[in-house]
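K.L.:
Starting from these lines, generate the structure:
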Amino acid sequence: MTKPKILISEDEVIIAEDLAACLEELGYETCAIDSGEDTINMIRETKPDLVLLDINLRGKADGIDIGLLIKTEFKIPFIFLTAYADKATIDRAKKTEPDGFLVKPFDHKSLRSAIEIALYRHDQKAEEAEETAHPTNSKEQEVATDYIFVKVKHRIIKVMYSDILWVEAYDNYSFIVTADQKYLVSSTLKDMEHKLPAQNFVRVHRSYIANLDKIEALEENSVVFGKGDIPIGKSYKKTLMSRFNII
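P.N.:
Predicted coordinates:
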């Protein structure tokens with residue numbers, strides 16, 4: 001799988017080098033590190049998938065000016081990095097419609113989440129634009145009955161319904177959890193409830209949908225799988241228990 005290429009635009013050398021090392025640990029490729037002055041030229045040369053952009057770059061153009069150019073000329077996602085910014089600066093930054101904000105100092109988990117969501121949302125917008133330009137006749141589409149496709153970075157992966165353990169809410173997104181993977185998708189849990197086959201999947205909590213075929217045991221307040229357990233919500237317990245032949 002091709003690693004997403006990320007350009008770092010940060011004029012603090014130590015911070016930029018730490019970021020590059022962190023990105024490498026997370027499985028990304030750092031295609032360039034720039035102090036800000038030549039960021040636009042570096043984007044043209046290296047063609048990154050995403051830019052990490054310090055909002056307070058020193059020079060003729062700050063990060064906000066560069067962000068606006070990225071949005072209008074390259075249409076690639078960028079995430080603002082900032083240690084502090086006053087309200088006027090934040091208001092300027094919002095108008096560029098960045099794909100995320102990270103407040104320094106941030107940890108590996110926050111960085112990974114921000115990057116994955118930014119890349120995912122960018123790909124979804126590109127797909128929607130393509131579908132609008134080239135609509136498909138719904139009658140010609142063949143609906144899959146035993147699997148779904150999940151976009152992971154720049155690859156679309158087939159996930160069998162039979163491999164899914166549970167689906168977990170994550171803000172306006174969801175995680176699809178299998179025995180060895182956890183996929184972030186851009187659907188809410190309510191959307192996932194409609195997309196998954198009702199004969200196999202049931203809502204067990206306001207934040208969880210369980211695959212009935214993968215449940216190994218039921219406890220008083222949790223559903224047990226080989227990989228772990230998830231909670232049972234009081235309002236969902238009666239419906240869940242009715243789906244089993246209990247003797």
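K.L.:
For the lengthiest helix in the chain, buried residues please.
P.N.:
What stands out as the longest helix in the chain, according to DSSP state H, is helix 108-133. Judged by neighbour count using 16 or more other CB atoms under 10 Å, the buried positions of helix 108-133 are L111, R112, S113, A114, I115, E116, I117, A118, L119, Y120, H122, D123. Quick note: C-beta positions are derived from backbone N, CA and C, even for glycine.
K.L.:
what ranges of this protein fall below the confidence cut-off?
P.N.:
Residue ranges of the chain with pLDDT under 70: 1, 85, 129-144.
K.L.:
Counting by contacts, list what the longest helix of the chain packs against.
P.N.:
Helix 108-133 sits against helix 13-25, strand 50-54, strand 78-82, strand 101-103, strand 147-152, strand 182-185, with contacts defined as 3 or more CB pairs under 8 Å, 6 or more residues apart in numbering; DSSP states H and E.
K.L.:
right, and I64 touches T89 too?
P.N.:
Yes: with contact defined as CB atoms under 8 Å, I64 reaches T89; the gap is 7.2 Å.
K.L.:
quick one: which of those two has more around it?
P.N.:
Neighbour count, other CB atoms under 10 Å: between I64 and T89, I64 has more, with 21 against 16.
K.L.:
which SSE is that one in?
P.N.:
helix 63-69 (DSSP states H and E).
K.L.:
helices and strands around that helix, which ones?
P.N.:
Under the contact criterion of 3+ CB pairs under 8 Å, 6+ apart, helix 63-69 touches helix 39-46, strand 50-54, strand 78-82, helix 87-94.
K.L.:
now do 7 Å
P.N.:
helix 39-46, strand 50-54, strand 78-82 (3 or more CB pairs under 7 Å, 6 or more residues apart in numbering; DSSP states H and E).
K.L.:
Would you mind giving those as a markdown table with mean neighbour count and distance to R203 added?
P.N.:
Shown next, in a markdown table, are the helices and strands packed on helix 63-69 (neighbours: other CB atoms under 10 Å; distance: least, CB to CB, whole Å):
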| stretch | mean neighbour count | distance to R203 |
| --- | --- | --- |
| helix 39-46 | 17 | 44 |
| strand 50-54 | 26 | 34 |
| strand 78-82 | 24 | 33 |
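K.L.:
Switch these over to CSV; also include distance to L69.
P.N.:
Output for the helices and strands packed on helix 63-69, formatted as CSV (distance: least, CB to CB, whole Å):
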stretch, distance to L69
helix 39-46, 6
strand 50-54, 11
strand 78-82, 10
